[in-house]
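Enquirer: The following comprises the amino acid sequence and a computationally predicted model.
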Amino acid sequence: MSNIAGKVVVITGASSGIGEATARLLAQNGAHVVLGARRTEKLEAITSAIRSEGSLADYRLLDVTKRDQMEELINYVKNRFGKVDVIVNNAGVMPLSKLEAVKVDEWDRMIDVNVRGVLHGIAAGLPIMKEQGFGQFINISSIGGHTVSPTAAVYCATKFAVRAISEGLRMEVGDDIRVTIVSPGVTESELADSITDDEASQVMKEYRKNAISPDAIARTILFAIEQPADVDVNEIIVRPTAAN
């Protein structure tokens, strides 16, 4: 049996891309997955598909920028299943543009989703994990959390922040709670759909020609979770073989 069987895993941003792929794969390996996102019609379809395969899944409406919704989701999971084994803080947005375009509303949205969303997940889950004496946070950063490129300054800043928050969390709670950072390279997803800047959109189309499947990231997340409790996979970068 896999070390993941029977674990209760909460996944944010689970209506598509990495979140959806992760939910499907973990469920296939025996986890009970709870999907959270804003698009409940997509969550319902994914959950139904997982259940039709004989696996366990639930879903709840979730906007990660709203702390009360995150707390309601995590408390629901704790009350229903008696524990929260893993929280995958995956929700993210990427409306790229040069700073001189001064798209402040888009900057704010990235900060709210990519940084505050992760913090809200930690705030909701950490007290429960400390009380139960175990747990794992898997926070999705990006290759953009390791290097900065034109049009991506704010996005990269949010992903650098995810890495800093995650490392700080690991140092503070590492005796009983595992913390993993997963930094994907270019991956097939809906992230680029949020780009409103024409120049940035064209650059991204070229960049995404070598994109890998979200299943590759899902397998990475599975690997981190299924390790024995005394093994904490701290950080993994996953990118296309053909990436520069």
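Expert: Received, thanks.
Enquirer: What are the boundaries of the helices in the protein?
Expert: 17-28, 40-52, 67-81, 104-110, 117-132, 153-173, 198-207, 214-226 (DSSP state H).
Enquirer: just checking, what packs against the fifth one?
Expert: Spelled out, it's helix 117-132. strand 8-12, helix 67-81, strand 86-89, strand 136-140, helix 153-173 (3 or more C-beta pairs under 8 Å, 6 or more residues apart in numbering; DSSP states H and E). Just so you know, the C-beta spots here come from the backbone N, C-alpha and C atoms, and that holds for glycine as well.
Enquirer: cutoff 7 Å now
Expert: helix 67-81, strand 86-89, strand 136-140, helix 153-173 (3 or more C-beta pairs under 7 Å, 6 or more residues apart in numbering; DSSP states H and E).
Enquirer: in that helix, what's buried?
Expert: Buried positions in helix 117-132, judged by neighbour count with 16 or more other C-beta atoms under 10 Å: 117-122, 124-126, 128-129.
Enquirer: can you tell me which residues contact the residue nearest the centre of the chain?
Expert: Centroid-nearest residue in the chain, with C-alpha atoms, centre = their mean: residue 90, separated by 1.3 Å. Neighbour list for residue 90: 11-13, 18-19, 140 [criterion: C-beta atoms under 7 Å, 6 or more residues apart in numbering].
Enquirer: Which pLDDT value goes with it?
Expert: Looking at residue 90, its pLDDT reads 97.
Enquirer: Residue 208 now?
Expert: For residue 208, pLDDT reads 60.
Enquirer: can you check the one 4 residues further on too?
Expert: Model confidence at residue 212, expressed as pLDDT, equals 91.
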